[in-house]
Structure formats: C-alpha cells, structure tokens
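Student: Predicted model and sequence below, questions to follow.
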Amino acid sequence: MRRPFRAAGPAMSTIGPPPVPPSNTNVVMTVNRPNRVDGAHRDGRATVHRPAAGYVVVPDGLDAIDAQVLLRRWGQALAAAAARQGYRLDAVFADVRGRGDPGLYELVTHVRQGRARLVVVPDLPTLTGSVCLDGADRLTAGRFLRAPVLTMDPAHAGQHR
C-alpha cells in the first residue's frame with residue numbers, strides 16, 4: 001500500500017512578493033515602504049534608508065476592526081520611535097496572544113534576510129513572552145533576532161543594542 005506524499009513544511013516560493021496569509025491566520029504584516037535609497041537631504045547629502053521592523057502582540061478576542069485600529073496605532077507609535085533613532089519602519093508583524101508565534105518567526109525571517117536592521121517593540125515582555133525567547137533580556141533577544149532591539153517602555157526608553 002502506497003502512502004501519499006507529504007511535504008515536511010509549507011511550500012515557500014522565493015520568486016515574487018510574499019504570499020498573502022489567509023484571513024483566518026493570526027499573522028498580520030503591514031508593509032509601508034520598500035527598501036530604497038531616499039532623496040537628498042536639505043543640504044544636498046544623500047540619505048540611505050535604514051529599515052526597521054516592528055512586532056506587537058494583540059489581545060485575543062478583538063474583532064477585526066478593533067484589531068486593525070489597534071495595529072494602526074501601534075504602527076504609528078513604533079514608526080515614531082524608530083524615526084527618533086534614524087530608522088524608518090517598513091513592516092509591522094503581529095501575533096494574537098495565546099495563538100502561537102508565527103508573526104515572530106516571520107519577523108526573524110525578515111530580519112535575517114537583511115530587510116530590517118532594527119526591531120522595535122512596545123516593551124520587552126512582548127518579545128520574551130514567546131517560547132523561544134522566554135526569560136531573555138534585550139541583548140539576548142537582539143542576538144537571537146540578529147538585530148538591535150528598541151523598546152518603547154519607560155524602563156528602556158530609547159535604548160537599543
């Protein structure tokens with residue numbers, strides 16, 4: 001009796017834009033701008049785009065509209081924090097609390113592919129609440145992500161390494 005073929009993991013295509021996640025998934029990715037070289041500075045110097053990515057965890061039980069409003073607000077706050085450090089937020093990854101960490105793993109892939117040089121989070125427990133970073137400090141989380149982590153909470157305001 002022959003068994004049907006089963007792939008070891010999801011099929012991934014490296015050509016073209018990333019696939020759009022189905023509507024029932026708990027991963028949300030918002031891309032604002034592609035990586036590029038910006039225009040000239042006021043004094044004529046060229047500025048290079050320094051990409052950053054954000055990560056948030058939204059509470060379970062929100063309807064779709066409330067979740068999108070919350071993500072938009074977090075995205076604006078994360079973009080402002082990144083801009084204060086000289087970065088531009090290009091993507092925000094999100095997970096729903098209690099439903100796993102697929103958004104975090106997408107963030108890791110995004111950073112490791114060189115598409116972000118900084119990770120911005122609202123606070124450190126947002127990252128350390130995941131299974132793979134349980135109990136990690138900011139520097140350990142940065143080593144795992146291979147990018148500095150910027151937290152917005154008052155205890156670590158403006159710090160990244």
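Tutor: Here it is on my side, so go on.

Student: Could you use CA atoms for every contact and neighbour count after this?
Tutor: Will do.

Student: quick one, longest helix in this protein?
Tutor: helix 64-84 (DSSP state H).

Student: After that one, which helix or strand is next?
Tutor: Note on helix 64-84: by DSSP states H and E, the next helix or strand toward the C-terminus is strand 88-96.

Student: how far off helix 64-84 does that following strand point, in degrees?
Tutor: 140 degrees (axes from the mean of the first three to the mean of the last three C-alpha atoms, to 10 degrees).

Student: ok, back up a step: tell me the buried residues in the longest helix of the chain?
Tutor: If you call a residue buried by 16 or more other C-alpha atoms under 10 Å, then helix 64-84 has these buried ones: 67, 71, 74, 75, 77, 78, 79, 81, 82.

Student: What is the most widely separated pair among those?
Tutor: Greatest spacing in the buried residues of helix 64-84, by C-alpha to C-alpha: 67 and 82 (22.0 Å).

Student: Could you check which helix or strand contains residue 119?
Tutor: Residue 119 belongs to strand 118-121, assigned by DSSP H and E.

Student: Kindly report the same for residue 57.
Tutor: According to DSSP H and E, residue 57 maps onto strand 51-58.

Student: Can you list the strands that that strand pairs with?
Tutor: Strand 51-58 has these partner strands in its sheet, going by DSSP bridges: strand 88-96 (parallel), strand 118-121 (parallel).

Student: circling back: just the CA atoms of the longest helix of the chain, as CSV, please.
Tutor: Taking Å, rounded to 0.1, in the frame of the first residue of the first chain, the C-alpha atoms of helix 64-84 are listed here in CSV:
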residue,chain,number,x,y,z
ALA,A,64,-11.3,42.5,13.0
ILE,A,65,-12.0,46.3,13.1
ASP,A,66,-10.7,46.8,16.6
ALA,A,67,-7.6,44.7,15.9
GLN,A,68,-6.8,46.8,12.8
VAL,A,69,-7.3,50.1,14.7
LEU,A,70,-5.0,48.8,17.5
LEU,A,71,-2.4,47.7,14.9
ARG,A,72,-2.5,51.1,13.2
ARG,A,73,-2.0,52.9,16.5
TRP,A,74,0.9,50.6,17.4
GLY,A,75,2.4,51.0,13.9
GLN,A,76,2.3,54.8,14.3
ALA,A,77,3.9,54.7,17.7
LEU,A,78,6.6,52.2,16.6
ALA,A,79,7.3,54.3,13.5
ALA,A,80,7.8,57.4,15.6
ALA,A,81,10.2,55.5,18.0
ALA,A,82,12.2,54.2,15.0
ALA,A,83,12.3,57.7,13.4
ARG,A,84,13.8,59.2,16.6
